[in-house]
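1. Task: produce atomic coordinates for the following.
(one chain, ligands or ions: 1)
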Amino acid sequence: MPVAFLFSSFFGLPFDASAEEPASRAVALHIPSGPLAGLIVYLSAGHGRLLHRTADGRPLAWSWQRDPRYGVREDEWTGDFVVEDLAGRLEQAGATVVTLRERDPRSVGFLVDDADAGFAVEGSGGWAGADQAWGPGWRDLEDTARATWSFTAPGSGVWRVYARWVSSPDRSAEARYTVRSPTRDEVWTIDQRRHGGIWWPIGTVELAEGQNAEVLLDGAGGRLSADAVRIGGGSWAPGPGYEVAPLAEIAPIHRQSSLGGPASLLWLDDGSESSDIRFRARWATWASPTPEEAIFLSIHTNAGRGRGSEIYAGVERDPPLDPQPGSLSLAGAIVEALPAHLRLVAPGWPVDAVRLGDFSEVSPRWQHLPSALIEVGFHDHPTDARFLRDPAFRGAYAEALVDAVARWRMGSAVIPDAFRPVVPGHPPGDRLP
Ligand SMILES: [Zn+2]
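-> Predicted structure coming up:
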C-alpha cells in the first residue's frame, strides 16, 4: 500500500520581480567548520505518532506510542530534544544533520517544483524525467545556468528550507543554493553528486508574513540539477475525514514522501510492510552510500523504573550478528563523555557500560552506518523525568553527545574498562575490546 502524501497547503506563488531591493544586503556564507565538518549525522528522534487500525480494520487513527509520565511523553521529548538541543549543536560543530522526523515544527509547509509558476531558469538546459525527481521531472542545467524558486511566506518566523535534485557523478560538487530574503543572502554549498531524490536540508530563512523570498541555484564544476524546493514543515492525513497531524509529530514511516527516497523502502525484501524502526535504519543506509562519512544516532527515553543513561550498540539475534566495530566505539565514546558533561547539572547521574541491543534502528542487519541508540534517562522515574525537563540538563547532554562524536571521529576516545560491554554467552566480566 503506497502511503499517499499531502501537505496541508501547497502554494508556489510567483515572485514579484519589481519588489524593491534594499540598499545593502547581508550575505552569510555557510561553510562547515569545526571538529565535525564533513560528517553527516542522521538523527532519529524515537517514536512519533503512528496510524493504527481498530479491531475491525477501520478506521485508521493517530496514536502516540508512549503515554506521558511525570510530564514527559517520549515521542514528544525526543522530537523536542533533537530540534531544540541537539541538531543545532551538531551543526555548530560542523556536522550536516539530517533528521528522520520533520525538523520544522510548523504544520504548514509548501513547495515549489520545476513545473510551477514560481520556478524560472536563466541559461540553457533541458527537461528530464527520472525516478529520483519530485513530480514528473526535473531540469538538467549547464553549469553556467541558474534556477530560481520564488515564494511568499504564509506566516512570520524562521522556516526550514529543503531542496531536491537528481544526483549523478557528473553533477556539480559545488552547487550553490542562495536563500534570499528581503534583507539577507544565506549561501550553502551542496554536493549534487549524492543524495538525489531526498528532501535535503539546506538551511533556514527568516521571513515576515507576506514577504517574498527566493532560492537561487548556481554553481561550478559540473552540471546542475534543479528539481524542487520545500519550505517549512507540513501536515498529513491518510485521507479525507481523518485527523491531520503535523509532520513533526509523526513517525518517519508516514512521511516517506516528505523525507524522500524510494517508496520501495516501505517494504522489506520478502514483500512484507516495513516497521517504522526498520524503515529508519534502511532509509539512512540507502541515503548514505559508502564512502560517505556518516553516523546514525537514535534518541530515546527509557522505562522500567531504572535510572540514568543506557547506550546501545546494535546486534542481531536472528540471524546472530555482532555489533559493528564503529558502533561499539561510538557507543563507548558516548558512555565516556557523559559523566564529565553531566557532573555539574546532574551530579551522580548513572551511566551504564555500553550495552548490546537487538533494536532494528541500530541492528547491523538493517543499519549499515556506525550507530548508537541513546536512552537518555527514564521517563517513568520522577528524578530522571525532572532532569529530562530541565533545559540545563538537556543542553549538557547534547554537548556530551557532540563531544563524544568528535572524540570518536578523531579516534581518541579512550573507553574505561568498566564501560566496555560484556560479551553475551561468555564468562561474567569477559568484555568486548
Ligand atoms: Zn523508545
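
2. Every contact and neighbour count from this point should use C-alpha atoms.
-> Noted.

3. so who does the residue positioned nearest the centre of the chain touch?
-> Nearest to the mean C-alpha position of the chain, by C-alpha atoms, centre = their mean, lies residue 99 at 0.9 Å. Going by C-alpha atoms under 8 Å, 6 or more residues apart in numbering, residue 99 touches 42, 43, 44, 45.

4. what do you get if the cut-off is 7 Å, keeping everything else the same?
-> Neighbouring residues of residue 99 by C-alpha atoms under 7 Å, 6 or more residues apart in numbering: 42, 43, 44.

5. how many other residues sit next to the nearest residue to residue 306 once chain neighbours are set aside?
-> Spatial nearest neighbour of residue 306, chain neighbours left out: residue 378 (6.3 Å); criterion: C-alpha to C-alpha, 6 or more residues apart in numbering. If you count neighbours by other C-alpha atoms under 10 Å, residue 378 ends up with 27.

6. same thing with residue 201?
-> 21.

7. Chain neighbours aside, what residue packs nearest to it?
-> Nearest one to residue 201, counting by C-alpha to C-alpha, 6+ apart, is residue 162 at 4.5 Å.

8. try residue 114
-> In space, residue 114 is closest to residue 227, 5.4 Å off (C-alpha to C-alpha, 6+ apart).

9. Surely that neighbour and residue 113 touch.
-> Yes. In this structure residue 227 lies within contact range of residue 113 using C-alpha atoms under 7 Å: 6.2 Å.

10. out of the two, which sits in the busier spot?
-> Under the criterion of other C-alpha under 10 Å, the comparison of residue 227 against residue 113 puts residue 227 first, with 29 against 24.

11. Can you tell me how far the more buried one is from residue 48?
-> Noted for residue 227: a distance of 29 Å to residue 48, by C-alpha to C-alpha, to the nearest Å.

12. so where does residue 161 fall, helix or strand?
-> Residue 161 is part of strand 157-164, with elements assigned from DSSP states H and E.

13. and that strand, what other elements does it pack with?
-> Packed against strand 157-164 by the contact rule (3 or more C-alpha pairs under 7 Å, 6 or more residues apart in numbering; DSSP states H and E) you find strand 200-207, strand 228-232.

14. Can you show me the CA trace of that strand as CSV?
-> Taking Å, rounded to 0.1, in the frame of the first residue of the first chain, the C-alpha atoms of strand 157-164 are listed here in CSV:
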residue,chain,number,x,y,z
GLY,A,157,9.2,33.3,11.6
VAL,A,158,12.1,31.0,10.7
TRP,A,159,11.4,28.5,8.0
ARG,A,160,13.4,25.4,7.2
VAL,A,161,14.4,25.1,3.6
TYR,A,162,14.9,21.8,1.7
ALA,A,163,15.9,21.1,-1.9
ARG,A,164,15.7,18.1,-4.2
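
15. strand partners of that strand, parallel vs antiparallel please.
-> strand 200-207 (antiparallel), strand 228-232 (antiparallel) (DSSP bridges).

16. Quick one: the strands in the stretch 51-200 of the chain, in order.
-> Along the stretch 51-200 of the chain, counting by DSSP state E, counting those that start in this stretch, strands occupy 60-63, 96-99, 109-113, 119-122, 125-128, 138-141, 146-152, 157-164, 174-180, 184-190, 200-207.

17. Select, out of those, the one closest to residue 346.
-> For the strands of the stretch 51-200 of the chain, the distance to residue 346 is smallest for strand 96-99, at 27.2 Å, taking C-alpha to C-alpha.

18. List the buried residues of that closest one.
-> 96, 97, 98, 99 (16 or more other C-alpha atoms under 10 Å).
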